[in-house]
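# missing the sequence, but the structure's below:
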């Protein structure tokens, strides 16, 4: 990543908006349908502060109907780029967010600070877009649930507290959060149905 | 097979804004298996009841590398299947197939192919009535509460009434299932025969109800249990005769009237499965007659 970047709003989105969004959507869909299995995304020039895969996901998911919470330390360039390309609205309240973009898990709010949805409408929850430098190399965690044949081991570099909070969250099913983790051009999905084995 | 697309339309007909809203609904649907997600169903160039929900789901999912198959009651060559296949050929230019194994995306009206589905394949079901509790509780607000509270007792009462009246659960299609041990779901009007195929299927299964504006899903490898009672376990239909074309005894058979004298025959509802079996039989008879 170079530091001398042009004005973020001048950075292009997908080279091909229709098929770029479609391929990214399939990666996001497969990531949730097959938790723990890495999915590739199309190439994209992302603004400083977003990984290419997370930027692609934002272009695919966000528009003027969505409320986005950005982790406060995200560069201003990210906000400007998202606003220019998607027209999304921003909120400072994690409870109000449809999507939350997180670049540092260690300093992010606890999972229960975000919206878990309501018993009648569990889908009215926040989806977390978590950026990581890598998707492997962390503590081993074994997942079970829909989309997983028996069990799958994943190694995202999350602090142990994250998994403690995740375990507490999964007891509230069908309420809960769905998470995508991003590094470079890859996505790892973590739907609320994935329980720690 | 890929052809050029019809000019003047966005890829897959729907505008990108609509696709995004359907995609967001689909992602939630996969995250909460069996739970219905409301979506802003659009008018499509065909009337409600002809698969507009399935078409919108397909339009949001399909990419130019997909190989697309459409079946209507198992058949690739009936009006609804031909029309929908031609529609997507026109607005996407995608490759289409009748071969279940070759397809990456299969839109279906009321059947699951006999050939087992594989990892990486996606099924899209056309759904007329997504709410299994509708005939018990017509109010959606109340039905939502029942789902929230997992209050599914009345559905068992309905099935029990069947047992008292007919001695068995008489539902032949749209037989309710429990998904991931949590959500009661209508599997769309697939015959009861197909219900066991929903369970732990390697393919991703997406359901779209256009008129009712609901989307739901079953991810791959998800538990799907057909409701039953210990003393009246779930069972599938059986036939006394094999398919008259291919001799299959393991497939779902349709009864076809062949004259006005009451003559009838039983044939596979899955045309691709039946044709493949017939082709295999012809080639093996040819081979054996050649070796004579």
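Structure's in. What do you need? Everything numeric here is computed off the predicted structure, so don't read it as measured data.

# Quick check: nearest residue in space to residue B:101, chain neighbours excluded?
Among residues not flanking residue B:101 along the chain, residue B:115 sits closest, at 6.2 Å (Cβ to Cβ, 6 or more residues apart in numbering or on different chains). C-beta: built from backbone N, CA, C; applies to glycine.

# For the one you found, give me its contacts.
With contact taken as Cβ atoms under 8 Å, 6 or more residues apart in numbering or on different chains, residue B:115 is in contact with B:100-101, B:270, B:272-273, B:276.

# what residues does whichever helix or strand residue B:215 is part of touch?
Here residue B:215 sits within strand B:214-218, counting by DSSP states H and E. Residues from elsewhere that reach strand B:214-218 (Cβ under 8 Å, 6+ apart): A:146, B:22, B:25-26, B:29-30, B:33-39, B:53, B:57, B:127, B:130-131, B:179, B:185, B:198, B:201, B:204-209, B:224.

# if you average pLDDT over it, what comes out?
Averaged over strand B:214-218, pLDDT sits at 98.

# Following element in sequence after that strand, please.
Downstream of strand B:214-218, the first helix or strand assigned by DSSP H and E is strand B:224-226.

# Residue B:172 against residue B:191, yeah?
Yes: judged on Cβ atoms under 8 Å, residue B:172 makes contact with residue B:191 at a distance of 6.4 Å.

# any common contacting residues for those two?
Joint contacts of residue B:172 and residue B:191 (Cβ under 8 Å, 6+ apart) are residue B:237.

# could you give the mean pLDDT of stretch B:259-279?
The pLDDT scores in stretch B:259-279 average 95.

# now swap in stretch A:73-83 and tell me
95.

# quick one: buried residues of the biggest helix by length in chain A?
The longest helix of chain A (DSSP state H) is helix A:17-33. By 16 or more other Cβ atoms under 10 Å in any protein chain shown, the buried positions in helix A:17-33 come out as A:20-33.

# With pLDDT added, can I get these in a markdown table?
Output for the buried residues of helix A:17-33, formatted as a markdown table (pLDDT from 0 to 100):
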| residue | pLDDT |
| --- | --- |
| A:20 | 97 |
| A:21 | 97 |
| A:22 | 98 |
| A:23 | 98 |
| A:24 | 98 |
| A:25 | 98 |
| A:26 | 98 |
| A:27 | 98 |
| A:28 | 98 |
| A:29 | 98 |
| A:30 | 98 |
| A:31 | 98 |
| A:32 | 98 |
| A:33 | 98 |
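
# The residue nearest the centre of chain A: what's it in contact with?
The centre of chain A sits closest to residue A:129, judged by Cα atoms, centre = their mean, with a distance of 1.6 Å. Counting by Cβ under 8 Å, 6+ apart, residue A:129 touches A:54, A:57-58, A:99-102, A:180, A:182.

# which bits of chain A sit near chain B?
Near chain B, the residues belonging to chain A are A:17-19, A:21-23, A:25-26, A:28-30, A:32-34, A:60-61, A:63, A:65-66, A:119-123, A:127, A:145-149, A:173-174, A:178, A:191-193 when assessed by Cβ under 8 Å from any Cβ of the partner chain.

# What is the longest helix belonging to chain B packed up against?
As assigned by DSSP H, the longest helix anywhere in chain B is helix B:271-291. Using 3 or more Cβ pairs under 8 Å, 6 or more residues apart in numbering or on different chains; DSSP states H and E, the elements in contact with helix B:271-291 are strand B:67-72, strand B:264-268.

# Go ahead and confirm residue B:257 touches residue B:267.
No: look at residue B:257 against residue B:267 with Cβ under 8 Å: they stay out of range, at 11.7 Å.

# between those two, which one's more packed in?
residue B:267 (18 against 10; other Cβ atoms under 10 Å in any protein chain shown).

# Might one say that that one is in contact with residue B:245?
Yes: applying Cβ under 8 Å, one finds residue B:267 in contact with residue B:245, separated by 5.3 Å.

# all strands for chain A, in order.
Here chain A has its strands, by DSSP state E, at A:39-40, A:67-70, A:89-90, A:99-102, A:127-131, A:141-144, A:152-154, A:178-183, A:186-190, A:195-196.

# Sheet-wise, list the partners of the fourth one with their directions.
According to DSSP bridges, strand A:99-102 has the following sheet partners: strand A:67-70 (parallel), strand A:127-131 (parallel).

# would you turn those into TSV with mean pLDDT?
Below are those laid out as TSV (pLDDT from 0 to 100):
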stretch	mean pLDDT
strand A:67-70	98
strand A:127-131	98
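
# Tell me which of those strands sits most buried.
strand A:127-131 (a mean of 24; mean count of other Cβ atoms under 10 Å in any protein chain shown).

# how much does that strand deviate in direction from strand A:178-183?
Interaxial angle, strand A:127-131 versus strand A:178-183 (axes from the mean of the first three to the mean of the last three Cα atoms, to 10 degrees): 20 degrees.

# Where does pLDDT dip in the chain?
Reading this off chain A. A:1-9 (pLDDT under 70).

# ah, I was thinking of chain B
Applying pLDDT under 70 to chain B picks out residues B:1-3, B:289-292.

# buried residues in stretch A:145-152?
Of all the residues in stretch A:145-152, those buried under the rule 16+ other Cβ under 10 Å are A:145-148, A:152.

# again, but for stretch A:54-74
Within stretch A:54-74, the residues that count as buried by 16+ other Cβ under 10 Å are A:54-63, A:66-71, A:74.

# again with stretch B:197-216
Neighbour counts over stretch B:197-216 (16+ other Cβ under 10 Å) mark B:197-198, B:201, B:203-210, B:212-216 as buried.

# same question, stretch B:107-126
B:107-114, B:117, B:121-126.

# out of the residues you listed, which are inside helices?
If you go by DSSP H, the buried residues of stretch B:107-126 have nothing in helices.

# so of those residues, which ones are in strands?
Judged by DSSP E, the subset of these located in strands is B:107-109, B:122-126.

# JSON lines for the strands paired with strand A:99-102, including distance to residue B:73?
Listed next are these as JSON lines, based on distance: least, Cβ to Cβ, whole Å:
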{"stretch": "strand A:67-70", "distance to residue B:73": "43"}
{"stretch": "strand A:127-131", "distance to residue B:73": "37"}
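
# before we move on, the earlier item: what touches both of residue B:267 and residue B:245?
With Cβ under 8 Å, 6+ apart as the test, residue B:267 and residue B:245 both reach residue B:274.

# and the two most separated of the ones in strands among the buried residues of stretch B:107-126?
B:109 and B:122 (15.7 Å; Cβ to Cβ).

# follow-up on the earlier one: what about the longest helix of chain B, distance to the chain center?
28 Å (Cα atoms, centre = their mean, to the nearest Å).

# all helices of the stretch 1-150 of chain B, in order?
For the stretch 1-150 of chain B, the helices defined by DSSP state H, counting those that start in this stretch cover B:16-31, B:52-61, B:79-92, B:140-148.

# Can I get these in TSV including mean neighbour count and distance to chain A?
Formatted as TSV, the helices of the stretch 1-150 of chain B follow (neighbours: other Cβ atoms under 10 Å in any protein chain shown; distance: least, Cβ to the nearest Cβ, whole Å):
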stretch	mean neighbour count	distance to chain A
helix B:16-31	23	4
helix B:52-61	27	7
helix B:79-92	19	10
helix B:140-148	17	4
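
# I'd like those as TSV, with distance to residue A:110 appended.
Converted to TSV, the helices of the stretch 1-150 of chain B look like this (distance: least, Cβ to Cβ, whole Å):
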stretch	distance to residue A:110
helix B:16-31	20
helix B:52-61	33
helix B:79-92	44
helix B:140-148	24
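
# Enumerate the residues of the stretch 101-250 of chain B near chain A.
Residues of the stretch 101-250 of chain B lying near chain A by Cβ under 8 Å from any Cβ: B:141, B:144-145, B:147-149, B:180, B:182-183, B:204, B:218-223.
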